[in-house]
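Asker: Have a look; sequence and predicted model below, questions after that.
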Amino acid sequence: MTPATQDITVLVVDDQGLVRDGFTRIVDAQPMMRVVGVASDGREAIELARARHPNVILMDIRMPVIDGIEATRTILEENADIRVLGLTTFDSDAYAVRMLKAGATGFVLKDSTADQLVDAIRSVYHGTSTVAATTARRLLGKLTEFDAPRRKAEALQQLTDRESTVFHLVTSGMSNLEIAEHLCISEVTVKSHVGRVLSKLCVRDRVHLVLWAHRNGVLPTAASESVGGSASPNGTDTPERTG
């Protein structure tokens with residue numbers, strides 16, 4: 001099958017049976033998407049990832065035996081093509097920062113709607129990132145507690161002038177469409193520039209590009225307020241697709 005017609009395979013990892021069952025039903029009810037395994041702890045997740053090679057893993061953070069952070073790190077060291085979505089709650093910011101550092105592409109809240117969960121899975125499968133708005137702002141704020149920014153990265157010198165501009169616009173929180181309108185270029189061209197920036201700086205996705213910018217002292221001040229999307233009118237988080 002071609003990538004366009006291939007099912008998105010998902011591994012569900014959570015120590016709560018109700019969560020596993022609920023997410024499994026949601027995923028299996030979607031066209032072109034199916035669950036290829038469920039695990040109740042990090043060790044089972046590592047073993048199933050080796051055996052089933054899922055496209056996306058829904059990974060709980062706090063679990064017995066091996067937690068989601070260590071499981072994510074191990075799985076991605078063995079297979080960097082897998083995308084991991086952390087399952088988080090509002091009180092787990094410290095764990096979420098560590099999860100991002102381990103390589104997770106984004107997060108979904110455990111109380112997300114079925115549509116939000118499915119959209120997040122499809123987004124990361126197609127190479128984009130998803131982090132809820134207020135969650136992103138809090139996580140970026142927490143970074144100052146865990147990582148002191150380093151001096152400006154020499155790696156930025158690899159970027160062309162246009163790529164450097166795109167880098168600063170991305171890390172300030174602008175979407176591809178906003179960047180395209182700002183620079184008067186096509187969205188396809190923006191995606192091409194973003195891809196080259198990610199490749200040259202050796203980061204997985206836009207979430208990790210923001211982390212990279214923070215660690216190297218080049219994160220725009222406004223980024224912690226704008227990255228990750230916007231809150232919906234009812235006050236809940238709405239994941240934003242970026243890529």
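Answerer: Received, thanks.

Asker: quick one, helices of the protein?
Answerer: 17-28, 42-52, 68-78, 93-102, 114-125, 133-146, 161-171, 176-183, 187-201, 206-215, 223-226 (DSSP state H).

Asker: The longest one - contacts with which helices or strands?
Answerer: Taking 3 or more C-beta pairs under 8 Å, 6 or more residues apart in numbering; DSSP states H and E as the contact definition, the neighbouring helices and strands of helix 187-201 are helix 161-171, helix 176-183, helix 206-215. C-beta coordinates here come from the backbone N, C-alpha and C atoms, glycine included.

Asker: Would you convert the helices of the chain into CSV that also reports mean pLDDT and mean neighbour count?
Answerer: As requested, the helices of the chain are exported to CSV (pLDDT from 0 to 100; neighbours: other C-beta atoms under 10 Å):
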stretch, mean pLDDT, mean neighbour count
helix 17-28, 94, 16
helix 42-52, 97, 19
helix 68-78, 95, 21
helix 93-102, 75, 20
helix 114-125, 88, 20
helix 133-146, 53, 18
helix 161-171, 90, 19
helix 176-183, 89, 16
helix 187-201, 89, 17
helix 206-215, 76, 22
helix 223-226, 42, 19
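
Asker: These into TSV, with extra columns for distance to Val84?
Answerer: Below are the helices of the chain laid out as TSV (distance: least, C-beta to C-beta, whole Å):
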stretch	distance to Val84
helix 17-28	14
helix 42-52	9
helix 68-78	5
helix 93-102	8
helix 114-125	8
helix 133-146	15
helix 161-171	21
helix 176-183	23
helix 187-201	17
helix 206-215	11
helix 223-226	23
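
Asker: closest to Val36 out of the ones you listed?
Answerer: helix 42-52 (4.5 Å; C-beta to C-beta).

Asker: Output the contacting helices and strands for the closest one.
Answerer: When contacts are defined as 3+ C-beta pairs under 8 Å, 6+ apart, helix 42-52 packs onto strand 8-13, strand 33-39, strand 56-60, helix 68-78.

Asker: thinking again about what came up before, closest one to Leu85 among the helices of the chain?
Answerer: Closest among the helices of the chain, using C-beta to C-beta: helix 114-125, at 5.9 Å.

Asker: on that earlier part again, of the helices of the chain, which approaches Leu58 most closely?
Answerer: That would be helix 17-28 among the helices of the chain, by C-beta to C-beta, at 5.9 Å.
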